[in-house]
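# no sequence on this one, just coordinates:
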RNA sequence: UGCCCGGUCGUCUAAGGGUAGGACAGCUGGUUUUGGUCCAGUCAGUGGGGGUUCGAAUCCUCCCCGGGCAACCA
């Protein structure tokens, strides 16, 4: 046990310090957090961070976390999103204490509003949205009082009840908190807290035609649930003053809001609005397109929940803006997938290899381990014969010294099979190599090699008569600049200008060993628990949701680290 | 130009008056029937100026830089 690990264990992030302080000082005796998504889009990796923070912290201190949908705007919210969010949180491996909805509190929030009106802390304003905006002032100029600001509380209450009754058109009246039109905090300049919307709500239907705004609902919901630590992202910082104001004026449970920096990741975007735009304008296949940073996209791509949780732990929590390198996510994926994935051999760009001293009609089944990292994973059999496919890139006519693969006069090991020596090759009229001829060494059989022959490299291969064709989809980053939104602002363009046109490359007929077809047949019922694969020397792959036995489709999650590719670049 | 946050290796994140540490990325080697994994090593940082102090990433101050704030969105 070194000092370093001890140090790591003791280091706390600022939220942990706050919680420990509150516990120690007796402010709270337990911890209750909440994850409060608005059901107006799919969850993304940034939400995973928030989920990890909220559930993780509660868990660390023996507390619980509620899942509360912030569903105060029926215009944009749907049940489809509610379902996807629940699914994603579950899939990530978290269990909420209670499933709640801000809409559960509509009646109570209405009563809160009445209470504010009667205390003189809120008033009905007949101004148009333009007039309200104009009256707000600017960050450097104070606002001006609405002409309705000093309306009698009785009159406001009456109007507010009539708003609820549906007597007024949308946009004609709002309820505003009466705070301070000169506050340096724009949000304190009499914010609108109720608005008229004749919209059906996914839970309350047509019961309401007035809906509370975020500020009227969020903190109050926290207080109703007795949330101890209400953790949100930095952009809500200036809402904190309002959050506290409501709790103070309504004399509610003193929930406290703390803000942390949201996750930003290179070569992607993290805004529901913009992700929706990618979906609607068909830049991608849907919210779960494997290139999307959504949880559903990552799942379809083949990332594991463990990898995503590990990622969220590694990125930490702080208040400074950040841009996490996507390579960290890839590292987390490789680290987990390496331990659990089944190894299979798939040749993407085949070239024929003939074992000249192997009989034409002879085939042998060779055993190969499913996962060298996991003895319990067992093994499978692979047919071997005279004619095989290997990767075109694994043979060179004119190899450099550092090339460890096939070339005339050189040896390589065929994975789980024999060492072969290359004698010759055949070219077509165009000068393309069409066949490679090799001799195998019988005494070099995998597992009982007493040939004494050395081979620098090992190749994957498939027996040509036994090939199963599969479609493989290889993905690259969705955007070709690190920060698409910032870049667009700088160049006075739009973020979609930077969508990477080569983010999807389909290999329609890669050649797979037979075992892969069997693996797939046995998992065709689909779901979230398909097996994770490593195609040897290539990368990690996961069956796509549209994959069938007739037409197997695999998504590349991430490549293997490739130091040879790096050497070639230099 | 107002208010509020923030600034530590390339990227994240620790150190809360006492040796600036870890991870990812990079680079070197070693092992290897995956040029994977694993192992070892290495490169690299406190935005700037003053001040307090025996001692400052840490406290004070001025400056610089970055972000947020003017939706009947959340």
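Received the coordinates, thanks. Please read these numbers as outputs of a predicted model, since none were measured by experiment.

# could you report the neighbour count for residue A:100?
18 (other CB atoms under 10 Å). For every residue, glycine as well, the C-beta is placed using N, CA and C.

# residue contacts, it?
A:34, A:66, A:67, A:68, A:69, A:221, A:225 (CB atoms under 8 Å, 6 or more residues apart in numbering).

# near RNA strand B, from those?
The subset of the contacts of residue A:100 within reach of RNA strand B, by CB under 7 Å from any atom of the strand, is empty.

# a markdown table for those residues, including neighbour count, secondary structure and pLDDT?
Below are these laid out as a markdown table (neighbours: other CB atoms under 10 Å; DSSP: H, G, I helix; E, B strand; the rest coil; pLDDT from 0 to 100):
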| residue | neighbour count | secondary structure | pLDDT |
| --- | --- | --- | --- |
| A:34 | 28 | strand | 98 |
| A:66 | 21 | strand | 98 |
| A:67 | 24 | strand | 98 |
| A:68 | 24 | strand | 98 |
| A:69 | 24 | strand | 98 |
| A:221 | 27 | helix | 98 |
| A:225 | 21 | helix | 98 |
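
# quick one: the strands in the stretch 101-250 of chain A, in order.
A:122-125, A:174-177, A:192-196, A:210-212, A:229-233 (DSSP state E, counting those that start in this stretch).

# the ones you listed into a markdown table, with extra columns for mean pLDDT, mean neighbour count and distance to RNA strand B?
Shown next, in a markdown table, are the strands of the stretch 101-250 of chain A (pLDDT from 0 to 100; neighbours: other CB atoms under 10 Å; distance: least, CB to the nearest atom of the strand, whole Å):
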| stretch | mean pLDDT | mean neighbour count | distance to RNA strand B |
| --- | --- | --- | --- |
| strand A:122-125 | 98 | 24 | 8 |
| strand A:174-177 | 98 | 25 | 5 |
| strand A:192-196 | 98 | 21 | 3 |
| strand A:210-212 | 98 | 24 | 7 |
| strand A:229-233 | 98 | 21 | 8 |
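
# to residue A:55, which of these lies closest?
Closest approach to residue A:55 among those is made by strand A:229-233 (10.6 Å; CB to CB).

# residues contacting the closest one, please?
By CB under 8 Å, 6+ apart, strand A:229-233 touches A:15, A:18-19, A:22, A:31-34, A:36, A:50, A:53-54, A:57, A:218-219, A:222, A:243, A:255-262.

# close to RNA strand B: what parts of the stretch 101-250 of chain A are there?
So far as CB under 7 Å from any atom of the strand goes, the stretch 101-250 of chain A lies against RNA strand B at A:127-129, A:132-133, A:136, A:138-140, A:170-174, A:184-187, A:191-192, A:195-197, A:211, A:213-214, A:217-218, A:234-239.

# beta partners of residue A:352?
Residues in a beta bridge with residue A:352, per DSSP bridges, are residue A:389, residue A:435.

# in chain A, where is pLDDT below threshold?
A:1-10, A:521-528, A:570 (pLDDT under 70).

# now a PyMOL select for only the buried ones of the residues of the stretch 101-250 of chain A next to RNA strand B.
Selecting just the buried residues from these in PyMOL takes one command, with 16 or more other CB atoms under 10 Å as the test:
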select buried, chain A and resi 127+132+136+173+174+187+191+192+195+196+197+211+213+214+217+218+236+239
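
# so which of the contacts of residue A:100 is the closest to RNA strand B?
residue A:69 (8.6 Å; CB to the nearest atom of the strand).

# the closest one against residue A:84, yeah?
No. Proximity of residue A:69 to residue A:84 does not meet the contact threshold set by CB atoms under 8 Å, at 11.8 Å.

# buried sites along stretch A:83-98?
A:84, A:85, A:86, A:87, A:88, A:89, A:91, A:92, A:94, A:96.

# in helices, which of those residues appear?
A:84, A:85, A:86, A:87, A:88, A:89, A:91, A:92 (DSSP state H).

# ok, the first one - contacts?
Contacts of residue A:84 were listed using CB under 8 Å, 6+ apart, and they are A:42, A:43, A:287, A:296.

# looks to me like the third one is in a strand.
No. The assignment for residue A:287 by DSSP: H, G, I helix; E, B strand; the rest coil gives coil, which leaves it out of any strand.

# give me phi/psi at the closest residue to it other than its chain neighbours?
In space, and not counting its chain neighbours, residue A:287 is closest to residue A:42: 4.2 Å by CB to CB, 6 or more residues apart in numbering. For residue A:42, the backbone dihedrals (degrees, to the nearest 10) come out as phi -90, psi 150.

# verify the stated contact: residue A:42 with residue A:81.
Yes. The criterion here is CB under 8 Å, and residue A:42 meets it with residue A:81 at 7.0 Å.

# returning to what we had before: show me which of the buried residues of stretch A:83-98 is closest to residue A:322.
Proximity of these to residue A:322 (CB to CB) peaks at residue A:92, which lies at 20.8 Å.

# now do the contacts for that closest one.
Neighbours of residue A:92 in contact, by CB under 8 Å, 6+ apart: A:48, A:51, A:295, A:305, A:308, A:309.

# the second one and residue A:45, how far apart?
The reference is to residue A:51. Residue A:51 sits 10 Å away from residue A:45, going by CB to CB, to the nearest Å.

# same thing with the fifth one?
When CB to CB is applied, the distance between residue A:308 and residue A:45 equals 7 Å.

# all strands for the stretch 351-500 of chain A, in order.
Under DSSP E, counting those that start in this stretch, the stretch 351-500 of chain A gives strands at A:364-369, A:379-384, A:387-391, A:411-414, A:419-427, A:433-440, A:457-459, A:462-463, A:468-475.

# looking at the ones you listed, which is closest to RNA strand B?
When the strands of the stretch 351-500 of chain A are compared (using CB to the nearest atom of the strand), the closest one is strand A:457-459, at 3.5 Å.

# the contacts of residue A:92 in helices, which ones?
Mapping the contacts of residue A:92 onto helices (DSSP H) picks out A:48, A:51, A:295, A:305, A:308, A:309.

# CSV for the residues you listed, including distance to residue A:516 and neighbour count?
Putting the ones in helices among the contacts of residue A:92 into CSV (distance: CB to CB, whole Å; neighbours: other CB atoms under 10 Å) gives the following:
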residue, distance to residue A:516, neighbour count
A:48, 30, 24
A:51, 34, 26
A:295, 27, 27
A:305, 24, 19
A:308, 26, 25
A:309, 28, 20
